[in-house]
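Colleague: Below are the sequence and a predicted model for it; my questions follow.
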Amino acid sequence: MLLIGLMSGTSVDGIDSALVEITGEPDTLKWRLIAFHCHAWEPALRAEILSVCHASAPLQKVVALHFRCGEVFAEAARTLAEQAGVPLSQVDAIASHGQTIWHQPKPFLIAGVPVTGTLQIGEPSTIAARTGCLVVADFRPADMAVGGQGAPLVPFVDYLLFHSATEGRAVQNIGGIANVTYLPKTGGASAVFAFDTGPGNMVLDALTERVTGGVHRYDMGGEFALRGHICAPLLEETLQHPFFRLAPPKSTGREEFGQAFAQRFYQQAQTLSLSSKDTLATAAQLTIESIARGYEAWILPKGELQRVILGGGGVHNRALCEGLAKRLPQIAFQAHADFGLPDDAKEALAFAVLGYETLHLRPSNMPSSTGANSPAILGKICYPPPVKSS
């Protein structure tokens, strides 16, 4: 099958789109990445999306953005197909993760009843109508319906792509939120273990924008952080956040580590008279330390870990990559690119694979990672309008 995978992460940097040819079944699945493209969010629309990532977001705006983002996801798919020289009529399906604006794995009382939930915007019916393609979307709820947290979902694909029978591996994504998939060398798919470690680029990006007066949206290459000094008292105080001590399964997002968290961090840095570079160095170390402590608490006690494969936007940040290698010197660190996969393409490819599994009526959540009570076939299917006969 020929699929387009669409993914926009918590950093809301852009829509990653991957055109992928997939054959076989999970144990023998083969994939070929034909084309990859990142479709940048228009700055004004990105600002609107970020403005609704909080508990009191106006419902009217959320609904309107849901449909507007569907148009943009469709545009991203069309652009990818045009650049690849592949007519959309040849694409079997589009698999869209959507844009998460609220993720609620912790029960919230509704009329006295505890409820969990999640919301990804980017209406799939609009994508289907604008592209003429079958669309598989809204992957998280099926896992939550059987008791899971709806995240992380990529471990299924991490296992297919990176599992080794000779060494224990971890696949570490550093997006807005950082998450890890542990792949022990024995035990098969049922032994895979994954969880969110905490903020990846999210806090660092917000602080970079703040300390540069909006001139920079992120610390390119980690150059600012590399020139700063880490403030140990601020780092240790921030690491007291209860999420870091929470045992997996666990997932998080802007609800925990968004603008409010970054603002508190900034205010504490100001109280301590930290320079901009020291503030960013400490924020980078927060990501590094939360990842390392997550390994030490929840992965290393389970078994051997010889290699970590890094991906996501954070792989381009030297402060994060070099800091992790220094913090965990006993482990070898490599990038997705070392395994033949562009660093930024993995998650878009992953949702293409998840869509492929859904269309073959196969479950693709991993209960060992999400906490679900059972396997689940993920996603919802939207059909394009019927072609008018001449």
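Modeller: Now that the structure is in, tell me what you want to look at.

Colleague: In the protein, which helix is the longest?
Modeller: The single longest helix within the chain, with elements called by DSSP state H, is helix 59-84.

Colleague: which secondary structure elements does it contact?
Modeller: Secondary-structure packing of helix 59-84 (3 or more Cβ pairs under 8 Å, 6 or more residues apart in numbering; DSSP states H and E): strand 2-8, strand 14-23, strand 30-40, helix 43-51, strand 93-110, strand 113-121, helix 124-131. Using the backbone N, CA and C atoms, a C-beta is placed for each residue, glycine as well.

Colleague: Let me see the ranges of the strands in the chain.
Modeller: Per DSSP state E, the chain has strands spanning 2-8, 14-23, 30-40, 93-110, 113-121, 135-137, 169-174, 177-183, 193-199, 307-311, 332-335, 380-382. These are given in chain order.

Colleague: Mind listing what's buried along the fifth one?
Modeller: Across strand 113-121, burial judged by 16 or more other Cβ atoms under 10 Å covers 116, 118, 119, 120, 121.

Colleague: just curious, which of those is nearest to residue 357?
Modeller: residue 120 (18.2 Å; Cβ to Cβ).

Colleague: The closest one contacts residue 138, correct?
Modeller: Yes: counting by Cβ atoms under 8 Å, residue 120 touches residue 138, with 6.2 Å between them.

Colleague: Spit out the residues that contact these two alike.
Modeller: Shared contacts of residue 120 and residue 138, defined by Cβ atoms under 8 Å, 6 or more residues apart in numbering, comprise residue 98.

Colleague: Give me the helix or strand of this protein that scores worst on average pLDDT.
Modeller: The weakest-scoring helix or strand in the chain, judged by mean pLDDT, DSSP states H and E, is helix 254-257 (a mean of 91).

Colleague: helices and strands around that helix, which ones?
Modeller: So helix 254-257, by 3+ Cβ pairs under 8 Å, 6+ apart, packs with strand 93-110, helix 202-211.

Colleague: buried stuff in that helix?
Modeller: By neighbour count with 16+ other Cβ under 10 Å, helix 254-257 contains the buried residues 254, 255, 256, 257.

Colleague: what's it in contact with?
Modeller: Residues outside helix 254-257 that contact it (Cβ under 8 Å, 6+ apart) are 10, 53-55, 102-104, 176-177, 198-199, 202-203, 241, 243.

Colleague: Please repeat the previous calculation with a cut-off of 6 Å.
Modeller: If you take Cβ atoms under 6 Å, 6 or more residues apart in numbering as the criterion, helix 254-257 is touched by 53, 199, 202, 203, 243.

Colleague: which of those count as buried?
Modeller: Buried members of the contacts of helix 254-257, counted by 16+ other Cβ under 10 Å: 53, 199, 202, 203.

Colleague: Run through the chain and note the low-pLDDT ranges.
Modeller: Residue ranges of the chain with pLDDT under 70: 389-390.

Colleague: and it, what are its domains?
Modeller: What automatic domain parsing lists as the domains of the chain is 2-150+346-382, 155-339.

Colleague: Switch those domains over to TSV; also include distance to residue 388.
Modeller: TSV is the format used below for these (distance: least, Cβ to Cβ, whole Å):
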stretch	distance to residue 388
domain 2-150+346-382	12
domain 155-339	37
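
Colleague: sorry, back to before: buried deepest among the helices and strands packed on helix 59-84, which one?
Modeller: Greatest average neighbour count among those goes to strand 2-8 (a mean of 28), per mean count of other Cβ atoms under 10 Å.

Colleague: Can you name the residues in contact with that one?
Modeller: By Cβ under 6 Å, 6+ apart, strand 2-8 touches 15-21, 73, 77, 91-97, 99, 347-349, 351-352, 355-356.

Colleague: got the angle between it and strand 93-110?
Modeller: Computed by axes from the mean of the first three to the mean of the last three Cα atoms, to 10 degrees, the angle separating strand 2-8 from strand 93-110 equals 40 degrees.

Colleague: Strand 2-8 pairs with which strands, parallel or anti?
Modeller: strand 14-23 (antiparallel), strand 93-110 (parallel) (DSSP bridges).

Colleague: nearest to residue 308, of those?
Modeller: Residue 308 lies closest to strand 14-23 among those, at 21.5 Å (Cβ to Cβ).

Colleague: Specify the angle between that closest one and strand 30-40 in degrees.
Modeller: Per the same axes, to 10 degrees, the angle that strand 14-23 makes with strand 30-40 is 160 degrees.

Colleague: Tell me how many other residues surround residue 350.
Modeller: Burial of residue 350 is recorded as 26 neighbouring residues (other Cβ atoms under 10 Å).

Colleague: now the closest residue to residue 352 other than its chain neighbours: how far from residue 214?
Modeller: In space, and not counting its chain neighbours, residue 352 is closest to residue 5: 3.2 Å by Cβ to Cβ, 6 or more residues apart in numbering. Separation of residue 5 from residue 214 (Cβ to Cβ, to the nearest Å): 32 Å.

Colleague: again with residue 156
Modeller: From residue 156 across to residue 214, the span is 39 Å (Cβ to Cβ).

Colleague: Which one's more surrounded, those two?
Modeller: Neighbour totals were compared for residue 156 and residue 214, and residue 156 leads with 25 against 9 (other Cβ under 10 Å).

Colleague: from memory that one sits against residue 368, does it?
Modeller: No: the pair residue 156 / residue 368 is not scored as a contact, 10.7 Å apart, by Cβ atoms under 6 Å.

Colleague: quick revisit: redo the buried residues of helix 254-257 as TSV? Include distance to residue 375.
Modeller: Listed next are these as TSV, based on distance: Cβ to Cβ, whole Å:
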residue	distance to residue 375
254	29
255	27
256	28
257	30
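
Colleague: Correct me if wrong: residue 201 contacts residue 314.
Modeller: Yes: if you go by Cβ under 6 Å, residue 201 and residue 314 touch, sitting 5.4 Å apart.

Colleague: can you tell me which of the buried residues of helix 254-257 lies nearest to residue 319?
Modeller: residue 257 (17.9 Å).
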